[in-house]
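Peer 1: one predicted model, sequence on top.
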Amino acid sequence: MDLNTDIAELPELWENGIYTHLMDRVDSVNIACGAHAGNPDLIRKVVTYALERGLRIGAHPGYPDRENFGRKPVEMSEDALFDSLREQIMLMMLIVEEIGNNSRALNPRMTHVKVHGALYHQVSTRPEFADILIDVVKSIDPDLRIVSLAGSPTLNRFTQAGLKTWREGFADRTYEANGQLRSRNEPNSMIMDPFEASEQVERMRNGSVRSWTGDQFQLRVDTVCIHSDSPNAVKIAEALRSV
C-alpha cells in the first residue's frame, strides 16, 4: 500500500530532519504550494530531495489563509477559488519540471493533487467544491490523479469526469462512524501511538476501519497519509513500513 505525507509546510521540520526522515520512508509526497503554509525555498528543497528519492510528487494546495493553516473554510467566490487552486498547482508543476529537468530524475513530473485542510473536507463532502477541483485539474493536466478521502460521497464525481483517483486513508487520525475524519477540534481525533497507527493501517489493508467509538465499517484504501506535523510522525512511518 502506498504511504504518503503532507509536507513542506513548516521550515523547522526541514531543519530538524523530520522531512528527510519521512521522505526516506514514504512513497508519495504532497507538497504545500505556499498558500496555507510553506515558502518557495522550502518547496524547492523538498522537491529536490523527493526527486532524488524517486517519490511520487503531488501538489497540496489549500485556502490562502496562513493564519489558520488552511484548516478553516474561507469565503471565496467559485472563480476566485478556481484561480487560487490553479495558480498553486501550476506553481508546483513548474518547480517540479524545472528541478527535474536539471537532475537525473527518471520521471520529473508531478503525478497528483491533494487539497489541504478545510478544503479537503469540503471537496470530499460537497459536490460544488469537488466540481471546482475537477475543472482546475482538467484545465492543467487531466492525467493528474486526485487524492481524496476514501469512502467520500464525491469520489464518483471524479471518476465520472474521467479523472483518476486515489482513495486515501489516515494512519494518524481517527474516524467517525459515518466514515468522516473526526474533527481536530474534538478529543480523541489524533493517533500518536505507532502501534495503534499500525493496527489501523492493517485493518485498512483488509478493507475496513474502526471508528473512535469502536464501530467497524468497510473502507477501501489506495494510499495512507501520515501528517508530517503529527507527533511521532517518523516513528509512525517506521512502524507502517513493517506492517
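Peer 2: It's in. Numbering: from 1, shown residues only.

Peer 1: what helix or strand is Leu81 on?
Peer 2: Per DSSP states H and E, Leu81 falls inside helix 78-101.

Peer 1: please apply the same query to Arg167.
Peer 2: Per DSSP H and E, Arg167 falls inside strand 165-170.

Peer 1: packing partners for that strand?
Peer 2: strand 145-149, helix 155-160, helix 194-205, strand 223-227 (3 or more C-beta pairs under 8 Å, 6 or more residues apart in numbering; DSSP states H and E). Just so you know, the C-beta spots here come from the backbone N, C-alpha and C atoms, and that holds for glycine as well.

Peer 1: kindly recompute the last result at 10 Å.
Peer 2: Strand 165-170 sits against strand 2-7, strand 145-149, helix 155-160, helix 194-205, strand 223-227, with contacts defined as 3 or more C-beta pairs under 10 Å, 6 or more residues apart in numbering; DSSP states H and E.

Peer 1: now render these as TSV, adding mean pLDDT.
Peer 2: What follows is the helices and strands packed on strand 165-170, written out as TSV (pLDDT from 0 to 100):
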stretch	mean pLDDT
strand 2-7	98
strand 145-149	98
helix 155-160	96
helix 194-205	96
strand 223-227	97
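
Peer 1: mean neighbour count and distance to Arg25 for those - can I get that in JSON lines?
Peer 2: Formatted as JSON lines, the helices and strands packed on strand 165-170 follow (neighbours: other C-beta atoms under 10 Å; distance: least, C-beta to C-beta, whole Å):
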{"stretch": "strand 2-7", "mean neighbour count": "24", "distance to Arg25": "7"}
{"stretch": "strand 145-149", "mean neighbour count": "24", "distance to Arg25": "18"}
{"stretch": "helix 155-160", "mean neighbour count": "15", "distance to Arg25": "27"}
{"stretch": "helix 194-205", "mean neighbour count": "18", "distance to Arg25": "12"}
{"stretch": "strand 223-227", "mean neighbour count": "23", "distance to Arg25": "9"}
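
Peer 1: mind putting those into CSV with distance to Leu51?
Peer 2: As requested, the helices and strands packed on strand 165-170 are exported to CSV (distance: least, C-beta to C-beta, whole Å):
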stretch, distance to Leu51
strand 2-7, 13
strand 145-149, 18
helix 155-160, 26
helix 194-205, 26
strand 223-227, 19
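
Peer 1: give me the mean pLDDT for the strand holding Arg167.
Peer 2: Averaging pLDDT along strand 165-170 gives 98.

Peer 1: try stretch 10-24
Peer 2: 97.

Peer 1: the strand holding Arg167 pairs with which strands?
Peer 2: strand 145-149 (parallel), strand 223-227 (parallel) (DSSP bridges).

Peer 1: could you point out which element follows the last one?
Peer 2: Read that as strand 223-227. Criterion used, DSSP H and E; the element after strand 223-227 is helix 233-241.

Peer 1: got the angle for that following helix vs strand 2-7?
Peer 2: For helix 233-241 against strand 2-7, the angle by axes from the mean of the first three to the mean of the last three C-alpha atoms, to 10 degrees is 170 degrees.

Peer 1: buried sites along helix 233-241?
Peer 2: Ala233, Val234, Ile236, Ala237, Glu238, Ala239, Leu240 (16 or more other C-beta atoms under 10 Å).

Peer 1: which one among the residues you listed gets closest to Pro194?
Peer 2: Closest approach between those and Pro194, by C-beta to C-beta: Ala239, at 3.7 Å.

Peer 1: once you drop chain neighbours, what's closest to the closest one?
Peer 2: Pro194 (3.7 Å; C-beta to C-beta, 6 or more residues apart in numbering).

Peer 1: kind regards, and thank you for your time.
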